[in-house]
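> next come a sequence and a model predicted from it.
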Amino acid sequence: MSAHDHRYSATVTWTGNQGTGTSGYKAYSRDHDIAIPGKPAIAGSSDPAFRGDATRHNPEDLLVASLSACHMLWYLHLCAVNGIAVTAYRDDASGTMTEGDGRPGRFTEVTLRPHVTIAPGSDPAKADSLHHEAHEQCFVANSVNFPVRCAPVIEMGG
C-alpha cells in the first residue's frame, strides 16, 4: 500500500432468510444491512424490479448517489479555493442501467444536474467551468466505465 492509498470497508449482512433460505427464487427477501464502522447502518435491498423492497436503498441508487456526492464535494472544494461562494447546491442526478442483449445488466450513463446558487460578486462563468475540473478530480467518476455527464445550472443569489 502506497503512502497515498486509502482503504474503505463495509460489512454487508443479508437479513432476508424467511425460513428456508434461498430454497427458491421467491423464498427469500433481498433485504440486507450495510454497516460501516462508526456510522449509521443503511437498510438495503434490491431494486423492486428484482423482488426488492422499494423502501430500502438499492446498489444502483447508491452508485448514482456516490457519483453525485463525490462531484459535489470536489466542486465545493474547488469553488472555495477559487473565490466562488456557493450558498446552495442541489443535484437531481439520474442513471440508466441496461439489461438484455445477452449481456449482464450494466450502467450505460449517469447524468448529474447540479443547481448551484452563488453569492453576489462570484463569477458565474468560473463557477460553471469548475464543474469540468470537479468531474476530472472525482474519485468515483474516475472509477467507473460509463459516461458521467454534468448539466449544471448556476444561479446568482440575492
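Great, that's in hand.
> and residue 154, what is it in contact with?
The neighbours of residue 154, taking CB atoms under 8 Å, 6 or more residues apart in numbering as the test, are 116, 118, 124, 127-128. In this view, the C-beta of every residue, glycine as well, is placed from N, C-alpha and C.
> now it, which residues is it bridged with?
Counting by DSSP bridges, residue 154 forms beta bridges with residue 116.
> pLDDT wise, what is it at?
Looking at residue 154, its pLDDT is 96.
> going forward, count from 37.
Okay, residue one is now 37; in that scheme the one you just asked about reads as residue 190.
> and the gap between it and residue 126?
Residue 190 sits at a distance of 12 Å from residue 126 (criterion: CB to CB, to the nearest Å).
> just checking: what are the partner strands of the lengthiest strand in the chain?
The longest strand of the chain (DSSP state E) is strand 139-148. Here strand 139-148 has these sheet partners by DSSP bridges: strand 130-136 (antiparallel), strand 184-186 (parallel).
> show me what it is in contact with.
Here strand 139-148 makes contact (CB under 8 Å, 6+ apart) with 96, 99-100, 103-104, 107, 127, 129-135, 180, 182-188.
> try 6 Å
Outside strand 139-148, the residues within contact range by CB atoms under 6 Å, 6 or more residues apart in numbering are 100, 103-104, 107, 127, 129-135, 182-186.
> PyMOL command to pick out the buried ones of these?
This is how PyMOL selects the buried members of these, with burial counted by 16 or more other CB atoms under 10 Å:
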select buried, resi 100+103+104+107+127+129+131+133+184+186
